[in-house]
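K.L.:
need a structure here:
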Amino acid sequence: MAVHHTGDHPGQDTDAAQAGADAGSSRGAGRRYTRSMLRRNSPVRVSFALASAATALTLTLGVVLVPQGQEPGTPRAAADLVGAPVAERVTTTSRDSERATAAPAADEVTESDVTTAGPDAAPVSGGSRGSDTGRGSGAADLPAYTVQDSGKPITELPALRVRTSDQVLRKLPPGPVPGDPFTFQIGTLNILGSQHARNGTGRAAALAGAIAGRGVDLVGLQEVQDDQLAVLRARLDGYSIWPGQSLGNQGVRLQIAFRDSLFEMVDSGSITTVFDFQQRPVPWVTLRERATGAEFHVIDVHNSPGGQEAGRDSATGEEIGLINSLKSTGKPVFIMGDTNEHTEFACRVAAATGMVGSNGLNASGGCNAGAGPIKIDHVLGVGGVDFSDHVVDYGAPVAASTDHAFVHATVTVTPGG
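P.N.:
Presented below is the predicted three-dimensional model:
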């Protein structure tokens, strides 16, 4: 029966004998040292291996690695050389005395016998790992860096010079402010409803192209049907359209379209007038010009056709009342639409409100109908408005898409004028 002893192991005598033999051999010392380091699971294993190699060279060849700038007679611990520039020098020390000094007395060399002095080395805490015993007691500092004069003079940079430009800086004009005049394109267009002629959506698409293509920023539309409204919304990219369907089925017939980049709607409303023996909402909006913040009112109308004079007269009276109500706010007012009258509506409105037409119509000294051709589609304004470039437009695709002219003009508004 085998008995295990907790004291001396029978194999210890053999190991001790082997250690003694190896102590007399520099090669044995190097092997034990390297084997010991490789068995350790240490983060500085590479540094230990380099130190082992340096020790082996010292023991076997009598070669000492010396940091650059240090005298050969003062060798340093091999571990101190890790990461430092070195020069190889041969010492006059006896090879036998080196072996006697370097040979360890114990069976193995442990980590506590070697101290690393690489650039990132740090003290090891706990147990005997931080001890300074044995041949590798403490890592000496690396040689101090010295600053040497290069012998080259420092070149002075030339002085900076300020040159005067021949160009005169010009101030940019200030941006628009409240009260500044602003200019845009305004118009009116009866698109001929789908119930009156075929291909209503195709014609609406073509007329939407005409509005955008002519650069008209604000337009009153008449005879709009639901299917045409959908097309106008899709094709007038960058425009808002009001009232849409918010005023009911009858309210769809009259729409006000305006360019979003220039205007924003800040208020809206409607009145009811007679049209073709029916009651119909007449929409109005208050727009704010984005650049200056100035506000103005816009009304879109369509009065009764043919022999319905009484209906037209009634509606005109209601519309004059709305103009004067909005005018009392001190803001400019525009009215546009299909009035179904060449001069009567415009002259009556101009006399009662002080409005002027885009074609020059005015009520000064009676009724001045303005430049022809005089059509039943009118654009009028009051409150610091100045019209120019009045056009009665039958150009393509207008003539093929509706039975009305596209009347549009340029207008400059001077708030408070």
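
K.L.:
can we go C-alpha only for contacts and neighbour counts from here?
P.N.:
Will do.

K.L.:
measure S325 to V407 for me?
P.N.:
26 Å (Cα to Cα, to the nearest Å).

K.L.:
cool, and I271?
P.N.:
24 Å.

K.L.:
look at these two and report which has more neighbours.
P.N.:
A direct count of neighbours by other Cα atoms under 10 Å for I271 and V407 places V407 higher, at 25 against 13.

K.L.:
where does the more buried one land in three-state SS?
P.N.:
Secondary structure assignment for V407 (DSSP: H, G, I helix; E, B strand; the rest coil): strand.

K.L.:
now the one 3 residues further on
P.N.:
For T410, the secondary structure call by three-state DSSP comes out as strand.

K.L.:
measure it to A363 for me?
P.N.:
Taking Cα to Cα, one finds T410 at 21 Å from A363.

K.L.:
do the same with T343
P.N.:
11 Å.

K.L.:
need the per-residue pLDDT for the nearest residue to G357 once chain neighbours are set aside.
P.N.:
Closest residue to G357 apart from its sequence neighbours, by Cα to Cα, 6 or more residues apart in numbering: L380 at 4.2 Å. For L380, the model assigns a pLDDT of 98.

K.L.:
quick check: which element contains L380?
P.N.:
Assigned by DSSP states H and E, L380 belongs to strand 377-382.

K.L.:
report how many residues lie close to the residue nearest to G384 when sequence neighbours are not counted.
P.N.:
Once flanking residues are discounted, G384 sits nearest to G417: 4.0 Å by Cα to Cα, 6+ apart. Using other Cα under 10 Å, G417 is surrounded by 13 other residues.

K.L.:
how far away is G417 from L218?
P.N.:
Using Cα to Cα, G417 is found at 21 Å from L218.

K.L.:
which intervals of the stretch 301-417 of the chain have sub-threshold pLDDT?
P.N.:
Counting by pLDDT under 70, the stretch 301-417 of the chain contains no low-confidence segment.

K.L.:
let me see the ranges of the strands in it.
P.N.:
In the stretch 301-417 of the chain, the strands defined using DSSP state E, counting those that start in this stretch lie at 333-338, 356-357, 377-382, 385-393, 406-413.

K.L.:
tell me which of the ones you listed is the most buried.
P.N.:
Compared across the strands of the stretch 301-417 of the chain, strand 356-357 shows the largest average neighbour count, a mean of 28 (mean count of other Cα atoms under 10 Å).

K.L.:
which residues are in contact with that one?
P.N.:
For strand 356-357, contacts defined as Cα atoms under 8 Å, 6 or more residues apart in numbering pick out 346, 350, 362-363, 370, 378-382, 387.

K.L.:
now these as TSV including distance to R170?
P.N.:
Listed next are these as TSV, based on distance: Cα to Cα, whole Å:
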residue	distance to R170
A346	47
A350	45
N362	43
A363	46
G370	43
H378	44
V379	41
L380	40
G381	38
V382	37
F387	33
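
K.L.:
which of those lies closest to R203?
P.N.:
For the contacts of strand 356-357, the minimum distance to R203 (Cα to Cα) is 21.7 Å, reached by H378.

K.L.:
surely the closest one touches A346?
P.N.:
Yes: using Cα atoms under 8 Å as the test, H378 is close enough to A346 to be in contact (7.4 Å).

K.L.:
only the buried residues of stretch 281-298, if you could.
P.N.:
Going by neighbour count (16 or more other Cα atoms under 10 Å), the buried part of stretch 281-298 is 281-289, 292, 294-298.

K.L.:
that stretch: end-to-end distance?
P.N.:
Per Cα to Cα, the first residue of stretch 281-298 is 14 Å away from its last.

K.L.:
and stretch 381-388, by the same measure?
P.N.:
OK, stretch 381-388 end separation, Cα to Cα: 12 Å.

K.L.:
not counting sequence-adjacent ones, nearest residue to V252?
P.N.:
Q245 (5.5 Å).

K.L.:
ok, now E341?
P.N.:
E341 sits nearest to I376 (Cα to Cα, 6+ apart), 5.0 Å away.

K.L.:
got phi/psi on that neighbour?
P.N.:
Phi and psi for I376, reported as degrees, to the nearest 10, are phi -90, psi 0.

K.L.:
of the strands of the stretch 301-417 of the chain, which is nearest P158?
P.N.:
Short answer: strand 406-413, nearest of the strands of the stretch 301-417 of the chain by Cα to Cα, at 58.3 Å.

K.L.:
run through who's touching the closest one.
P.N.:
With Cα under 8 Å, 6+ apart, strand 406-413 has contacts from 181-190, 216, 332, 358, 377-379, 383-394, 398.

K.L.:
stretch 266-277 now?
P.N.:
Contacts of stretch 266-277 (Cα under 8 Å, 6+ apart): 279-288, 302-305, 308, 311-312, 314-315, 318, 322.
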